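using only what follows, build the 3D model:
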Amino acid sequence: MTARTEPQKRLLIGASCFADAQAALRLAEQLTETLVGDLGGMLIEETIVTEAFDLPGQRVVTSGGTLVVVPSCQQIRSLIESDAKAFRNALVGLARTTARKWSFERRHGELISGLCEAATGWDILLLGHREIHRQAGKLVLITPPGAAAQSAAGLALDLAKRLRADLVALSIGPEIPELNDVQSQQRERFASEADLLAFINRTNASAVVLDLSAGPFHTHDQLRHVLAVARCPVLVLGAAQGEASIAHSTQISAAP
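This next block holds a predicted model:
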């Protein structure tokens, strides 16, 4: 009898700049050997950012405390075009190296809502975030409730092994769900969403894994909060089933 093989997962990598995309592409490389089939890339040009640069003579304070003139809209446009080209080329390189089909697209709008909308038909959404820690961190799993599907647990376990990272499973509620075949070195239970997010904020994480379709987080706003406190790439299952918290419009533009 022929053994049944699981179909490989389609992975969409999303970011608003190439620096964020780079970190996601490096993480994606760890998944392509066994988990990932087709690869997709999407650069979201965030409208709020481009609108800010339409105001002439604006100045901002850098992280080093220096007051500088904001780049012109034309300069920002050139940077975005350069980012898109670099993202696309890096994606093509990864796809060729791993013999995967690939696609690349650009959109205007808000990052999370745009990517969750685009994630229809994709199995995993990988949100890019530039690396800020020099040392390798933990692999964080936001565990769905016990009765929900545990697909995120399997993905987190596989990635933790590949990264040789400690796996920490986080849950909300009075009981810690059982995780089939997942041996976590650390399991933490929290009374509220705020407490769980505060823990992630204190953790040096290499990646965070969660399932919007299974919970405990279901909305785009909750996903925004996770990405903000994680400060690392976030792998999302069930992204297309996430609940939009705020209405955002997106406009598709052709890739260069």
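
top helix in this protein by residue count?
Assignment by DSSP state H gives helix 73-97 as the longest helix of the chain.

which other helices and strands contact that one?
helix 18-31, strand 36-46, helix 47-52, strand 102-109 (3 or more Cβ pairs under 8 Å, 6 or more residues apart in numbering; DSSP states H and E). In short, each C-beta sits where N, CA and C put it, glycine included.

tell me which residues of it come out buried.
The neighbour-count check on helix 73-97 (16 or more other Cβ atoms under 10 Å) flags 76, 80, 83-84, 86-88, 90-91, 94-95 as buried.

least reliable of the helices and strands packed on helix 73-97 going by mean pLDDT?
Ranked by mean pLDDT, these bottom out at helix 47-52, with a mean of 55.

residues in contact with Pro216?
Neighbouring residues of Pro216 by Cβ atoms under 8 Å, 6 or more residues apart in numbering: 142, 144-145, 171-173, 193.

and it, how far from Ala244?
The gap separating Pro216 from Ala244 is 18 Å, by Cβ to Cβ, to the nearest Å.

and for Gly37?
Going from Gly37 to Ala244 by Cβ to Cβ gives 27 Å.

ok, Leu127 touching Leu115?
Yes. Using Cβ atoms under 8 Å, Leu127 makes contact with Leu115 at a distance of 6.8 Å.

can you give me the strands for the protein?
9-15, 36-46, 59-61, 67-69, 102-109, 124-127, 138-142, 167-172, 186-190, 205-211, 234-237, 251-253 (DSSP state E).

what pLDDT, on average, does the fourth one get?
Yep, that's strand 67-69 we're talking about. Average pLDDT, strand 67-69: 61.

before we move on, what about the first one?
Confidence over strand 9-15 (mean pLDDT, whole number) is 96.

what's it packed up against?
The contact analysis (3+ Cβ pairs under 8 Å, 6+ apart) places strand 9-15 against helix 18-31, strand 36-46, helix 111-118, strand 124-127.

can I get those in CSV including distance to Ala205 and mean neighbour count?
Shown next, in CSV, are the helices and strands packed on strand 9-15 (distance: least, Cβ to Cβ, whole Å; neighbours: other Cβ atoms under 10 Å):
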stretch, distance to Ala205, mean neighbour count
helix 18-31, 12, 21
strand 36-46, 21, 22
helix 111-118, 18, 24
strand 124-127, 13, 27
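
who wins for proximity to Ala165 among these?
helix 18-31 (10.3 Å; Cβ to Cβ).

pull the closest one out as PDB, backbone CA atoms only.
Provided in PDB are the C-alpha atoms of helix 18-31 (Å, rounded to 0.1, in the frame of the first residue of the first chain):
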ATOM      1  CA  PHE A  18      12.600  44.900   2.000                       C
ATOM      2  CA  ALA A  19      14.300  45.000   5.400                       C
ATOM      3  CA  ASP A  20      11.200  43.200   6.900                       C
ATOM      4  CA  ALA A  21      10.900  40.900   3.800                       C
ATOM      5  CA  GLN A  22      14.600  39.800   4.200                       C
ATOM      6  CA  ALA A  23      14.000  38.400   7.700                       C
ATOM      7  CA  ALA A  24      10.900  36.600   6.500                       C
ATOM      8  CA  LEU A  25      12.700  35.100   3.500                       C
ATOM      9  CA  ARG A  26      15.400  33.700   5.700                       C
ATOM     10  CA  LEU A  27      12.800  32.100   7.800                       C
ATOM     11  CA  ALA A  28      10.900  30.800   4.800                       C
ATOM     12  CA  GLU A  29      14.100  29.100   3.600                       C
ATOM     13  CA  GLN A  30      13.900  26.900   6.700                       C
ATOM     14  CA  LEU A  31      10.400  25.700   5.700                       C
END
